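Colleague: No sequence on hand, only this structure:
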C-alpha cells in the first residue's frame, strides 16, 4: 500500500477500541485520486478522513464522522482522471475524482474517448472545486508565452491523466504541434525533479492552487507561470463548455506573478452499481457541518468545496443516492 493509505489506516485503527471492533464490521470504499504532487491526492485524503466512520468512532452528534457506520474510505494515488474513469468502469474503484471535461467525454464517448463505447455507468456525487491549468517553466528558459514552448523540453503528463488531454487542447488552440516540441510524458513529481536539474524547460499540470509540489519547487528554483489568455483562451472557453476563464493570484507561489489561465471542475464520480443508501449517506456526510470544519482547515482548496457549487458543470447523471440528498434540501441542477 502507498504511504498515505498506510498512515491513514494506522491513524484510524489506533482510534478504534479493539474490544468493540470486528474486521467484518468494516466496509471499504475507494476514491481514485491522482499523483502525490497534485491536488486530488491531498483532497481525497481529507475527504476520506472526514467521512470514514469505522467501528468505535465517535458518534456524529459528539463531533465525530457522520458517514455510514462501518465505512472506511481510502484515497488511492492513481494516474488521474482518465485512469479513474476506467477504474470505476471496470470495478477496480468505487469512485474517483475526474475533471469535468473528461467526465463528459467518457459518458458520451466523444472527445478523447471517441471510438470507445460511452461509459454510461458513471454517476456524480458532487462538483468539488475548480482546477487551474498550470504551465510552469524555469525562469531562465526564456519561455514567457505559450508559443515560446516551440523547440523546448516540455512534459504534458502521462497517459491516463486529464492534464495530458487539456495540454493537447491548449497547444492545438495556439497552433502548436507536438512535433514542434521535445515532448516528455511524465508525472508532475518527476517533471519537477527534471526542472530542478535543468533537464526540462516546462511542464503542464491541472490542479487546484496552491499545488504543494509547485510551492516546494518555487521555494528553491526560479520559475514562472505562463499565461493562457487572449483570444486563444476565449476560444477554448467558447468551444468547450467545461472550461472557464481563471487566474492564479500573485504570490500563491513564491515570487510568481498573477497569471491568467483556464480551469475545469474537479468532480467526484461513482459507479452506478454502488447502492443508493451508501451514496446517500456519503453525500449527506460530505456536506455535514462536521466535515465542513475539516474541509476548511485542511488543504487550501477545501474552502472552495461548497454546497452552493455542488451541481455546477455536472454533465453526467447524479447517482440516485446523491440526488435523494439534494432533493431533500431543495437543490436541483439548472
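Modeller: Looks like it arrived, so ask away. Remember, it's a predicted structure, so these values are computed and weren't measured experimentally.

Colleague: Skipping adjacent residues, who's closest to residue 287 in space?
Modeller: In space, residue 287 comes closest to residue 307 once its chain neighbours are excluded; the distance is 5.1 Å by C-beta to C-beta, 6 or more residues apart in numbering. Backbone N, C-alpha and C define where each C-beta goes, glycine included.

Colleague: Check the contact between that neighbour and residue 331; I expect there is one.
Modeller: Yes - the pair residue 307 / residue 331 is scored as a contact, 7.2 Å apart, by C-beta atoms under 8 Å.

Colleague: so where do the strands sit in the stretch 201-334 of the chain?
Modeller: Along the stretch 201-334 of the chain, the stretches classed as strands by DSSP state E, counting those that start in this stretch are 202-207, 223-225, 244-248, 259-271.

Colleague: which of the ones you listed is buried the deepest?
Modeller: For these, average neighbour numbers computed from mean count of other C-beta atoms under 10 Å are highest in strand 202-207, which has a mean of 28.

Colleague: Neighbouring strands of that one in the sheet, and parallel or not?
Modeller: Strand partners for strand 202-207, identified by DSSP bridges, are recorded as strand 122-138 (antiparallel), strand 153-155 (parallel).

Colleague: closest one to residue 262 among these?
Modeller: strand 122-138 (5.7 Å; C-beta to C-beta).

Colleague: Could you pull up the mean pLDDT of that closest one?
Modeller: This predicted structure assigns strand 122-138 an average pLDDT of 96.

Colleague: Now do it against strand 244-248, angle only.
Modeller: Orientation check (axes from the mean of the first three to the mean of the last three C-alpha atoms, to 10 degrees): strand 122-138 against strand 244-248 gives 40 degrees.

Colleague: who's in contact with the residue nearest the centre of the chain?
Modeller: Ranked by distance to the mean C-alpha position of the chain (C-alpha atoms, centre = their mean), the top residue is residue 40 at 3.7 Å. Contacts for residue 40 (C-beta atoms under 8 Å, 6 or more residues apart in numbering) come out as 33-34, 80, 97, 207, 266.
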